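> Sharing a sequence plus its predicted fold:
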Amino acid sequence: MISRPKSYLFTLLLTAGLGYPAVAQDVPEGLQEDQCVVCHTDLEALPENFVFDNVHMRPRMSCAGCHGGDRTTDDEEIAHAGDFVGVPTAEAIPSFCGSCHSDINYMRQFQPSASTDQVSQYFTSAHGQALRQGDENVATCISCHTSHATLPASDGRSSVHPFNVPDMCNGCHGDAALMAEYGFRTNQYGDFVESVHGTALLERQDIGAPACNDCHGNHGAMPPGIQSIENVCGMCHVNNAEFFESTPMAVAFAEEGLHACEECHGIHDVAKTFDDMVGVGDESVCTMCHDEGDRGYEVADSIHAQLVMLKSVQDSAQVLLERVQNIGMDDVEISYSLRDANESLIQARTAVHSFEPEKTGELTDKGVESARAAMAMANEEIEGFRFRRFGFGIATLFITVLTVALFFKIREIESSRAS
Amino acid sequence: MAESRRKFLNILIGGGIVGWLASVLYPVVSFLKPPALPEANVSALKVGPVADFAAGSSRIVKFGRTPVLLVRLDSGDFRAFAATCTHLDCTVQYRTDKKDIWCACHNGIYDLMGRNVSGPPPRPLEQFVATEIEGEIVVSRLEA
């Protein structure tokens, strides 16, 4: 139970958080009998960032559902007496939220399939473990979900909507002063927004792209370890992970304590891949470990050559396809064939993670064959166009000759009539 | 002189008429002869008699420029989706054993409603309509 001075302090804190210009008539239907809502709206003393759409603002839940007290009276002292809790301490928050969210019988009234292990997961996380050790600066439930603007993750306004998660995590992880206490870097967000994942999620608004929680977990957030990183990436990049796992390289990486995917692709700054990442050129990641003369160097060089070969034939076929399209000839079958070539290229790029030139070569050969078939069809169409153009020229010539001849014939007939 | 000029003119006129007829008739004959390939912009595509599709089977048909995956479910119902994976445009396929739609490029998986359920695909497959008309299956675009 909270002491009276603390209760006044709470009221003061609430009034200090002015800024929500709500008035009595703003109280939504269903909450008009709820005296906590009515008084705090009248007094314009709703908490900062409070929204009425908050999932907890429903009859028999609302403020008293979390803070306790008596929602039926407008007497401030009575309302704030009994089991009233003002501002819970960080340490108390998981059990505060867990009193409902860990109770399956209670939660299934709202969501029959609701999971109720968030609090137990939380205490396995880096945040939860630090909180257990008395660190009250770490994230608790409200750090991510907010106190009074708690919305479903599917709601674009929610702090935990995928588009908002990176910014939300960066609220703490981008705070240099706070992170300095833990010896953590603060460049994760900057790296992420520039990465292929960040660009897809934040610029293209592609909900399928990962946010922080997709790799680190939600309530049980932890940095992925050496053992798990390829499984984490493998949740989406399934084939790449499977290929890699079956190679001797996976064993060597584990022995050396190297993070599988991360060593070549980076962590938060994962860039869009390109063919020159493989091979022995300046931009190759293979040469970070392999030197001229070793088997890995040769493998990298030959896989790169295969990819470059297919890409170059594919590009030539693409140029011809564009010509066919420009001259208005039939491009359907050419497009299908080129599509097959592109598919082979995509599969070969994935098969790079097998580090077997035989495997990648099989795919690139198939792709080259499709691209060459596309080129042959395109050339046939271009030839057909030339034939039509030539035919049109000949037809025009015939018509011109016919017109001129008719002109002279008419003149001849007229002159023979005159004579 | 006049005789040879007349003869020359007659040859020119005759040749001109033959050439003109050829240039008119060639496109007419080409038009009447069915083209080797179907027209690119199709609104509906007849893909064959219902009896040709066993339950639990699938076929990729060319709907103009779009490959369409036609699946006959075990229940006998037909479903059709654009066979283009929403990740990187590879062609997806129906897996009879696993009862799902799969993209071999990156192991993307869709359910039999075309919804992306695992792997990298960010969106569901575009839906098409497969209708039985007088014993034939006709695939058409889903009206907005």
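Happy to help now that I have it. Residues are numbered from 1 along each chain as shown, chains lettered A, B, ... in the order given.
> Low-confidence ranges, the stretch 101-250 of chain A, go.
Along the stretch 101-250 of chain A, the model assigns pLDDT under 70 to residues A:225-227.
> same question but for chain B, I mixed them up
Applying pLDDT under 70 to chain B flags the ranges B:1-2, B:31-41, B:144.
> cutoff 80 now
B:1-3, B:23-24, B:27-28, B:30-42, B:143-144 (pLDDT under 80).
> Could you pull up the contacting residues of residue 139?
Here I'm looking at chain A. By CB atoms under 8 Å, 6 or more residues apart in numbering or on different chains, the residues touching A:Ala139 are A:His127, A:Cys172. Every residue, glycine included, has its C-beta placed from N, CA and C.
> wrong one, chain B
Here B:Val139 is in contact with B:Ala44, B:Leu45, B:Val47, B:Val61, B:Phe63, B:Val68, B:Leu70, B:Ala80, B:Phe128, B:Val129, B:Ala130, B:Thr131 (CB under 8 Å, 6+ apart).
> The nearest residue to the fifth one once chain neighbours are set aside pairs with what?
Computed as CB to CB, 6 or more residues apart in numbering or on different chains, the closest residue to B:Phe63 that is not its neighbour in sequence is B:Leu45, at 5.2 Å. Under DSSP bridges, the beta-bridge partners of B:Leu45 are B:Val139.
> number of nearby residues for B:Leu45?
Residues near B:Leu45, counting by other CB atoms under 10 Å in any protein chain shown, number 21.
> what's the distance between the nearest residue to A:Ser147 once chain neighbours are set aside and A:Asp34?
Leaving aside its sequence neighbours, A:Ser147 sits nearest to A:Pro47 (CB to CB, 6+ apart; 6.5 Å). A:Pro47 sits 15 Å away from A:Asp34, going by CB to CB, to the nearest Å.
> Return the residues in contact with B:Thr131.
B:Thr131 touches B:Phe78, B:Ile137, B:Val138, B:Val139, B:Ser140, counting by CB under 8 Å, 6+ apart.
> mind listing what the closest residue to the last one other than its chain neighbours touches?
Counting by CB to CB, 6+ apart, B:Ser140 lies nearest to B:Ala44, which is 4.1 Å off, once chain neighbours are set aside. Contacts here follow CB under 8 Å, 6+ apart; on that basis B:Ala44 touches B:Val138, B:Val139, B:Ser140.
> where exactly do the strands run in chain B?
Using DSSP state E, the strands assigned to chain B run over residues B:44-49, B:57-63, B:66-72, B:78-82, B:92-95, B:100-103, B:108-110, B:116-118, B:127-133, B:136-141.
> Dump those strands into TSV; add distance to A:Ile399 as well.
Below are the strands of chain B laid out as TSV (distance: least, CB to CB, whole Å):
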stretch	distance to A:Ile399
strand B:44-49	40
strand B:57-63	39
strand B:66-72	41
strand B:78-82	47
strand B:92-95	53
strand B:100-103	55
strand B:108-110	58
strand B:116-118	59
strand B:127-133	47
strand B:136-141	43
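> Which one, of these, ends up nearest to A:His161?
Checking these against A:His161 by CB to CB gives strand B:116-118 as the closest, at 18.6 Å.
> strand partners of the closest one, parallel vs antiparallel please.
Strand B:116-118 pairs in its sheet with strand B:108-110 (antiparallel), by DSSP bridges.
> what's the offset of the partner strand from the middle of its chain?
In terms of CA atoms, centre = their mean, to the nearest Å, the centre of strand B:108-110 is found 24 Å from the chain centre.
> and A:Phe52, helix, strand or coil?
coil (DSSP: H, G, I helix; E, B strand; the rest coil).
> Angles on the backbone of A:Phe84, please.
The phi/psi pair for A:Phe84 (degrees, to the nearest 10) reads phi -60, psi 130.
> May I ask you to confirm that A:Gln118 is in contact with A:Gly98?
Yes - proximity of A:Gln118 to A:Gly98 meets the contact threshold set by CB atoms under 8 Å, at 7.4 Å.
> Which positions in chain A make contact with chain B?
Those residues of chain A that sit near chain B, judged by CB under 8 Å from any CB of the partner chain, are A:200, A:206-209, A:236-240, A:242, A:330-333, A:335-336, A:339, A:342-343, A:346-347, A:350, A:391-392, A:394-395, A:397-399, A:401-406, A:408-409, A:412.
> what about B:Asp52, how many neighbours?
Residues lying near B:Asp52 (other CB under 10 Å) number 12.
> and A:Gly208, what does it touch?
A:Gly208 touches A:Ala200, B:Asn116, B:Pro120, B:Pro121, B:Pro122, B:Arg123, counting by CB under 8 Å, 6+ apart.
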